[in-house]
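Chemist: show me the folded form of this:
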Amino acid sequence: MNKTATKKRIWGWFFFDWASQPYNTLLITFIFAPYIKDLIGDGAEAQAAWGFGIAAAGVIIAVLAPVLGALSDSSGNRLRWIWLFSVMYVVGAFGLWWAAPDNFNLLWTLTLFAIGMIGMEFATIFTNSMLPDLGTKEEIGRISGNGWAFGYLGGLVGLVVMLTLFAENAETGKTLIGKDPLFGLDAEQREGTRFVGPLTAIWYAVFMIPFFLWVRDPRPTKAPKGAVGKALTDVWGTIRNLPQTPSLFAYLGSSMFYRDALNGMYTFGGIYAAGVLQWSVVDVGIFGILAIIAGAVFAWLGGKADTKFGPKPVINICILLLCGVAISIIFVSRESVFGIAVGPESNLPDYTFYVFGAIIGAAGGVIQSASRTMMVRQSIPGRTAESFGLYALAGKATSFIAPFLIGVMTTLSDSQQIGVTPLIALFLVGLILLRWVDPEGDRAQWGHASSS
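Modeler: Here you go, the predicted structure:
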């Protein structure tokens, strides 16, 4: 493949991150989740409901992710799978428009949200599995980091568009720049904020065009006979033999916990700030802008650090930073900051939370990029999509547990602050398991096995 075609393929691959990021940025964290809190009213009740809903989607992802990855490896053409799950993404996101204040059905809303989220996660499995084909071992850290940075930039642009043109303040009915929502959307019915669903769907459909135009999959397009059975056999064989690949086993376990904790921060960050600090959707959006800018800048810098030092030390540092934030965030509320009482007019809790948001954005962008690079090093030769399916399983196997635990803890304590404490334990377990991960993976063992 010539340099021009390779460069276009890499840029096409980048556009998946750009196109899909708004689901995380606009729906999971900064716009739709705080809006759900507004509809439900009570912060603790909203956080619990959000946790149980995300947990249900996580179960489905955890069960099917490795099977789909293995099926892709054995049946070929990852692009058709990406098309299928892109449809789920668009349908689920667009359907959130109907979460109206006067006709709000929590179960139906969470179901649509789960459909889109499952589509996003499954499409990501197949796009991630293309990373090893985009460059050499020395190049993929930089490529992965640049992709995450480009995705964060897409999320930032989408968030700015929502805040300035559509999302209205519940009290004033005006957007961040003091204007009525665009297209005559009714602020009283929160149509500006609800437009986040259609906007996310349209954004994805438009910006996936470069991906589908420029990315070509070298895999065969026709599935051989017995592909499904072979996929299931391969998955079970890989899982059964994981103890024989100790580095891969340790990394899947480590990433299972620390990525789940990070996803918990993203999933509950907006609804937490709305409930604990009484922020509006617009306030949470401004917080999101700061976090995303930090994420984009540091994902780019993290890619360079990954190339120079390797992914493992980068992941270690990020876990420590994120664990520190998970502990610190419990001690910030509208009434006090680290035990120091503040008045209702004080901005200190807000400024402190802004700093936390910047750290989460920076460390989160870096650790996700470095984790993707590390998975390439740990993956089984010739079975990359299956390996990334297991990686998705590792990322989702406890992802239903963390939201579930947060939901249970929040319900029992009736406190959003106490409710997020499970994140601390998840980060620490991930950090401990990372000690047994070989930065180069089990490749020497596989090489020996293949030559014998």
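
Chemist: so, low pLDDT: which residues of the stretch 301-450 of the chain?
Modeler: Where the stretch 301-450 of the chain drops to pLDDT under 70, the residues are 380-386, 388-389, 392-400, 442-450.

Chemist: what helix or strand is Thr352 on?
Modeler: helix 348-378 (DSSP states H and E).

Chemist: distance from that helix to the middle of the chain?
Modeler: Relative to its chain's centre, helix 348-378 lies at 11 Å (CA atoms, centre = their mean, to the nearest Å).

Chemist: in terms of secondary structure, what does it contact?
Modeler: helix 137-161, helix 246-276, helix 281-309, helix 311-328, strand 336-337, helix 384-396 (3 or more CB pairs under 8 Å, 6 or more residues apart in numbering; DSSP states H and E). Where you see a C-beta, it was placed from the backbone N, CA and C, and this is true even at glycine.

Chemist: relative to helix 311-328, how tilted is the second one?
Modeler: Looking back up the chat, that one is helix 246-276. On the basis of axes from the mean of the first three to the mean of the last three CA atoms, to 10 degrees, helix 246-276 is oriented at 30 degrees to helix 311-328.

Chemist: for helix 246-276, the averaged confidence score.
Modeler: Averaging pLDDT along helix 246-276 yields 84.

Chemist: what residues sit buried inside that helix?
Modeler: 247-276 (16 or more other CB atoms under 10 Å).

Chemist: and Thr175, which of the three is it?
Modeler: coil (DSSP: H, G, I helix; E, B strand; the rest coil).

Chemist: so how far is Leu165 from it?
Modeler: 6 Å (CB to CB, to the nearest Å).

Chemist: would you mind finding the longest helix in this structure?
Modeler: helix 43-75 (DSSP state H).

Chemist: could you count how many residues lie near Glu191?
Modeler: 18 (other CB atoms under 10 Å).

Chemist: so it is in contact with Pro181, correct?
Modeler: Yes - Glu191 lies in contact with Pro181 (CB atoms under 8 Å); the separation is 6.5 Å.

Chemist: show me the contacts for Asn146.
Modeler: Contact analysis of Asn146 by CB atoms under 8 Å, 6 or more residues apart in numbering lists Phe14, Trp300, Gly303.

Chemist: make it 6 Å
Modeler: Shown in contact with Asn146 (CB atoms under 6 Å, 6 or more residues apart in numbering): Gly303.

Chemist: so Ala187 belongs to a strand, correct?
Modeler: No - using three-state DSSP, the assignment for Ala187 is coil, not a strand.

Chemist: before we move on, back to that, now the element after the longest helix of the chain, going C-ward?
Modeler: helix 78-94.

Chemist: may I see the buried residues of that following helix?
Modeler: With the criterion 16+ other CB under 10 Å, helix 78-94 contains buried residues Arg78, Leu79, Trp81, Ile82, Phe85, Ser86, Met88, Tyr89, Val90, Gly92, Ala93, Phe94.

Chemist: TSV for those, including distance to Leu106?
Modeler: Output for the buried residues of helix 78-94, formatted as TSV (distance: CB to CB, whole Å):
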residue	distance to Leu106
Arg78	35
Leu79	36
Trp81	31
Ile82	30
Phe85	25
Ser86	26
Met88	21
Tyr89	21
Val90	22
Gly92	16
Ala93	17
Phe94	18
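
Chemist: how about those residues, which pair is most distant?
Modeler: With CB to CB as the measure, no two of these lie farther apart than Arg78 and Phe94, at 24.4 Å.

Chemist: for Asn128, give me the pLDDT.
Modeler: Predicted confidence (pLDDT) for Asn128: 80.

Chemist: quick check: it vs Gly141, distance?
Modeler: If you go by CB to CB, the gap between Asn128 and Gly141 works out to 14 Å.

Chemist: what of Gly192?
Modeler: 40 Å.

Chemist: for the closest residue to Val276 other than its chain neighbours, the count of nearby residues, please.
Modeler: Nearest residue to Val276, sequence neighbours excluded (CB to CB, 6 or more residues apart in numbering): Gln416, at 5.2 Å. Gln416 has 27 neighbours, counted by other CB under 10 Å.

Chemist: just to check, Gln416 is in contact with Ala273?
Modeler: No - using CB atoms under 6 Å as the test, Gln416 is too far from Ala273 to be in contact (9.6 Å).

Chemist: correct me if wrong, but Trp279 is in a strand.
Modeler: No - under three-state DSSP, Trp279 sits outside any strand and is assigned coil.

Chemist: hmm, it is touching Ile271, no?
Modeler: No - Trp279 is not in contact with Ile271 according to CB under 6 Å; the separation is 10.1 Å.

Chemist: dihedrals phi and psi, Glu171?
Modeler: phi -80, psi -40 (degrees, to the nearest 10).

Chemist: I am finished for the moment; much appreciated.
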